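Participant: take this sequence and fold it.
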Amino acid sequence: MARKKREEEEEESSGEEAGAKKSKKEKYVDPEKLLEEYLEEVKLGLNLSYLNLDRDVFRDIIKEPFIAAVGQVKTKPKVRTIVNRLNASGDALLEYIAAKLLQTISLSKMSDEQFEFVVYHVGKLVNELAATLYAEAKRRNRPDLIDFMRSLWNQSSSLRSPVTCPKCGFRAIMPDLSCKVCGYVMQMRELKDNLHLMEQLKDMASTNPEEFKEIVSSGYLFYGSLGPSAPSRFKAESGGIYYEVILTAQEKDQLRKLYSSLQQR
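Facilitator: Numbers count the residues shown, from 1 in each chain. All right, here's what the predicted structure looks like:
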């Protein structure tokens, strides 16, 4: 009996020790406390001091990427290690900071340096922010920033159109003939002149007479990234910008005469 009791006591003791070990949590570095300690050095390391952001504002902006850069570690990393990881993100980090700046500070209250940073690093957000940034750049009389945004939009925006807006110069004329950036609304005549539509249709009369004939007889066409198309041959591309163009009676008569003259040759 005494032996059995000792064995039970020993089992209880070992069970308690195991439970104590399990209850001890492994201690990891607290990234938020580390951010407070490293904040100014991070700002310098990322070359963002010139933005003159308040300490609290900068902390809120950089908090999420900083925590990701620290990771789950038991040993306190050096600030240079963290800064290197952040800088390795390149444009993605700068675009993130630009977006956070827009969420934190209204455009009208941004300093020139802050506004420039947002414009130069707007990146993929150009589709949704171009109109707002364009208006603010106009208010600040910054044609240099408008030129930059125009180049960015015309080269990389998924909303760039086949037609350039005569007012702002962005390729941003939407299917309803309004400009996505400045709000200008084109007339159908302006659209046709901008596209040199009649010249293109005259070329089509020689190269593709059947499609040309359909356009003249139907009295309208679709115009997309590949140029003019007869209604039965047009295939809308996903996300593509295209226009439904109505021919005037005068234009149809002019094109019919052209078609007749070609048939007589």
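Participant: what about the nearest residue to Gly183 once chain neighbours are set aside, distance to Ile62?
Facilitator: Among residues not flanking Gly183 along the chain, Ala131 sits closest, at 7.5 Å (CB to CB, 6 or more residues apart in numbering). Using the backbone N, CA and C atoms, a C-beta is placed for each residue, glycine as well. Ala131 sits 28 Å away from Ile62, going by CB to CB, to the nearest Å.
Participant: circling back to that earlier point, for the residue nearest to Gly183, give me its contacts.
Facilitator: For Ala131, the contact set (CB atoms under 8 Å, 6 or more residues apart in numbering) comprises Lys180, Val181, Cys182, Gly183.
Participant: mind splitting this structure into its structural domains?
Facilitator: 31-117, 122-186, 189-263 (automatic domain parsing).
Participant: in a markdown table, list these along with mean pLDDT.
Facilitator: Shown next, in a markdown table, are the domains of the chain (pLDDT from 0 to 100):
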| stretch | mean pLDDT |
| --- | --- |
| domain 31-117 | 94 |
| domain 122-186 | 94 |
| domain 189-263 | 90 |
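Participant: most tightly surrounded among those domains?
Facilitator: domain 122-186 (a mean of 17; mean count of other CB atoms under 10 Å).
Participant: can you give me the end-to-end distance of it?
Facilitator: Across its full length, domain 122-186 reaches 27 Å between end residues, using CA to CA, to the nearest Å.
Participant: ok now it, how far from the chain's centre?
Facilitator: How far domain 122-186 lies from its chain's middle: 13 Å, per CA atoms, centre = their mean, to the nearest Å.
Participant: dihedrals phi and psi, Gly224?
Facilitator: Backbone dihedrals for Gly224, given as degrees, to the nearest 10, come out at phi -130, psi -160.
Participant: was I right about it contacting Gly239?
Facilitator: No: judged on CB atoms under 8 Å, Gly224 makes no contact with Gly239 at a distance of 11.4 Å.
Participant: where along the stretch 1-150 of the chain do the helices fall?
Facilitator: Counting by DSSP state H, counting those that start in this stretch, residue ranges of the helices within the stretch 1-150 of the chain are 2-23, 31-45, 55-70, 79-87, 91-104, 112-120, 126-139, 143-156.
Participant: can you redo those as CSV with distance to Phe212?
Facilitator: Formatted as CSV, the helices of the stretch 1-150 of the chain follow (distance: least, CB to CB, whole Å):
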stretch, distance to Phe212
helix 2-23, 82
helix 31-45, 63
helix 55-70, 56
helix 79-87, 57
helix 91-104, 46
helix 112-120, 45
helix 126-139, 35
helix 143-156, 30
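Participant: show me the one of the ones you listed that comes nearest Leu201.
Facilitator: Closest of the helices of the stretch 1-150 of the chain to Leu201 is helix 143-156, at 25.7 Å (criterion: CB to CB).
Participant: next one: the next helix-or-strand element following that closest one to chain centre, how far?
Facilitator: Downstream of helix 143-156, the next assigned helix or strand under DSSP states H and E is helix 188-195. Here helix 188-195 is found 29 Å from its chain centre; the criterion is CA atoms, centre = their mean.
Participant: right, I'll call it a day here.
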